[in-house]
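*Asks:* okay, here's the prediction I keep looking at, along with the sequence it came from:
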Amino acid sequence: MTPFGERVRDLRRQRGISQKRMAADLGVSAAYLSALEHGRRGAPTWALLQKIIGYFNIIWDEAEELQRLAAVSHPRAVVDTAGLSPAATALANRLAGAIAELSEADISALDRCLDEALSSRRAKAK
């Protein structure tokens, strides 16, 4: 499941809306909506994302968060390391090969480590 799919499912369930009903209301198939929620489909198109935001009548921060989740929810991420160091390529491939074995705690720790490294780098650039 992708972060976007999980959030859409939560919104739908909070409002007591079935997948079938939501799909019909949005003009997509129930199978497509299910695949989107379960991460078997990539992020929705911009137009569909806007329909979903309108469908749930969400605004401002919540709408921006849903758009952010859609942007980071492609289930088959591709990391282009062309032009980067051999170490960067090795890291990308190592992560791709090992991610299925990591626990949620491991993933959270790696995410925090990445945030800290980027924060530090940005602070030095100022």
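*Replies:* Nice, thanks for sending it over.

*Asks:* look up how far residue 38 lies from the most centrally placed residue in the chain.
*Replies:* Centroid-nearest residue in the chain, with CA atoms, centre = their mean: residue 73, separated by 2.3 Å. Distance from residue 73 to residue 38, counting by CB to CB, to the nearest Å: 11 Å. For every residue, glycine as well, the C-beta is placed using N, CA and C.

*Asks:* what touches both of those two?
*Replies:* residue 5 (CB atoms under 8 Å, 6 or more residues apart in numbering).

*Asks:* circling back: the residue nearest to the centre of the chain touches residue 39, doesn't it?
*Replies:* Yes: taking CB atoms under 8 Å as the definition, residue 73 is a contact partner of residue 39 at 7.4 Å.

*Asks:* residue contacts, the closest residue to residue 25 other than its chain neighbours?
*Replies:* Using CB to CB, 6 or more residues apart in numbering and skipping the chain neighbours, the partner closest in space to residue 25 is residue 55 (6.4 Å). The contact partners of residue 55, taken as CB under 8 Å, 6+ apart, are 22, 25, 26.

*Asks:* give me the phi and psi for residue 55.
*Replies:* The phi and psi torsions at residue 55 (degrees, to the nearest 10) take the values phi -60, psi -40.

*Asks:* retrieve the pLDDT associated with the residue nearest to the centre of the chain.
*Replies:* Residue 73 is assigned 88 on the pLDDT scale.

*Asks:* for it, helix, strand, or coil?
*Replies:* coil (DSSP: H, G, I helix; E, B strand; the rest coil).
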